[in-house]
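1. got a sequence here, can you build the structure:
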Amino acid sequence: MQHGWPALYTLLLWWFSTGVILYLNGLPRDTHKWTMAGATVLLGIALLGVAVSASDTRVTGAYLAFTAGLMVWAWQEVGFLLGYVTGPRRRACPPQARGWRRVGHAVMAILYHELALIVLGAAVLALTWGRPNQVATGTFGVLWLMRLSAKLNVFLGVRNLNEQFLPEHLRYIHTYFRQRPSNGLFPVSVIAVTALAAMAWHSAVALSFSAFEVTACSFIAMLLSLALLEHWFMVLPLPSEKLWDWGMRSRATPGRALPPA
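-> Okay, the predicted model is just below:
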């Protein structure tokens, strides 16, 4: 169970934290400032956890570093979905925008979000630099890389855009997505993620590794496996949103029009 417990922990934390964020995001708008304040307090605790665990090479240290890294990531998820950390462009993509113009509009719509990722990633890297426990850095790095791949794929076009996860105040973001069966980047992304997950699982089952190393590799391997699953969710005709029906119960009924371009 050296591999099983970290894998199960990763799966449950991924599923539960996503649902909680969706639920909080669906609450009335006047609660969002308190949600963001609470998330910022948790960010401070998470960064402290990253620093404390960086020199801890026990199995418990791997769990702490993984949890802290995931909590750091959660802050920018909350900030984006609440609309506090998005970009200077807060309106729909013009229908006539094509090519690099469309790329430019999309970048401006999420610019602050991308800058926040750079700052948070740099903070995690600085807190773990030269330390033996790199689980938090690996966790944040994998999440960042996999999210970048997902963003590029929905921008280029996939079958399932899951726009229902976007709150009313971010519905304009959907206009930067493209719905089509797939795109040229998708098979490259899937092959790359599959290869990375296979290498991570191979390292996790290596008998020469310590218990800490096995646990660390299992966390990363499971994260990559979930990222692979999320990529397939983008193109397969599966109701993946049903996994978080409980987190969507707080949503108000949509219906307001998108802001004008």
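
2. how about low-confidence regions in the stretch 101-250 of the chain?
-> For the stretch 101-250 of the chain, the stretches with pLDDT under 70 are 207.

3. switch the cut-off to 80
-> Within the stretch 101-250 of the chain, the stretches with pLDDT under 80 are 206-209.

4. all helices of it, in order?
-> 111-128, 135-156, 185-204, 211-233 (DSSP state H, counting those that start in this stretch).

5. and the last one with helix 135-156, angle?
-> Right, helix 211-233. Helix 211-233 runs at 10 degrees relative to helix 135-156, counting by axes from the mean of the first three to the mean of the last three CA atoms, to 10 degrees.

6. how about helix 211-233: buried residues?
-> 212-228, 230-231, 233 (16 or more other CB atoms under 10 Å). Using the backbone N, CA and C atoms, a C-beta is placed for each residue, glycine as well.

7. which element follows whichever strand or helix holds residue 6 toward the C-terminus?
-> According to DSSP states H and E, residue 6 maps onto helix 4-25. Downstream of helix 4-25, the first helix or strand assigned by DSSP H and E is helix 32-53.

8. need the contact partners of that next one.
-> By CB atoms under 8 Å, 6 or more residues apart in numbering, the residues outside helix 32-53 that reach it are 24-25, 27, 61-62, 64-65, 67-69, 71-72, 74-75, 78-79, 82-84, 123-124, 127-128, 133, 135-136.

9. not counting sequence-adjacent ones, nearest residue to residue 136?
-> residue 69 (3.7 Å; CB to CB, 6 or more residues apart in numbering).

10. what's the burial count for the one you found?
-> 29 (other CB atoms under 10 Å).

11. my guess is it contacts residue 127, does it?
-> No - in this structure residue 69 lies outside contact range of residue 127 using CB atoms under 8 Å: 10.3 Å.

12. so what does the helix holding residue 6 touch, helix or strand wise?
-> Helix 4-25 sits against helix 32-53, helix 59-81, helix 211-233, with contacts defined as 3 or more CB pairs under 8 Å, 6 or more residues apart in numbering; DSSP states H and E.

13. ok so, going back, take the helices of the stretch 101-250 of the chain and write them to CSV, including distance to residue 102.
-> Output for these, formatted as CSV (distance: least, CB to CB, whole Å):
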stretch, distance to residue 102
helix 111-128, 15
helix 135-156, 8
helix 185-204, 15
helix 211-233, 22
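
14. nearest residue to residue 81 other than its sequence neighbours?
-> Nearest residue to residue 81, sequence neighbours excluded (CB to CB, 6+ apart): residue 25, at 4.5 Å.

15. OK, contacts around the one you found?
-> Contacts of residue 25 (CB under 8 Å, 6+ apart): 32, 35, 78, 81, 82, 167, 250.

16. separation between residue 122 and residue 141?
-> Residue 122 sits 12 Å away from residue 141, going by CB to CB, to the nearest Å.

17. many thanks, I have nothing further to ask.
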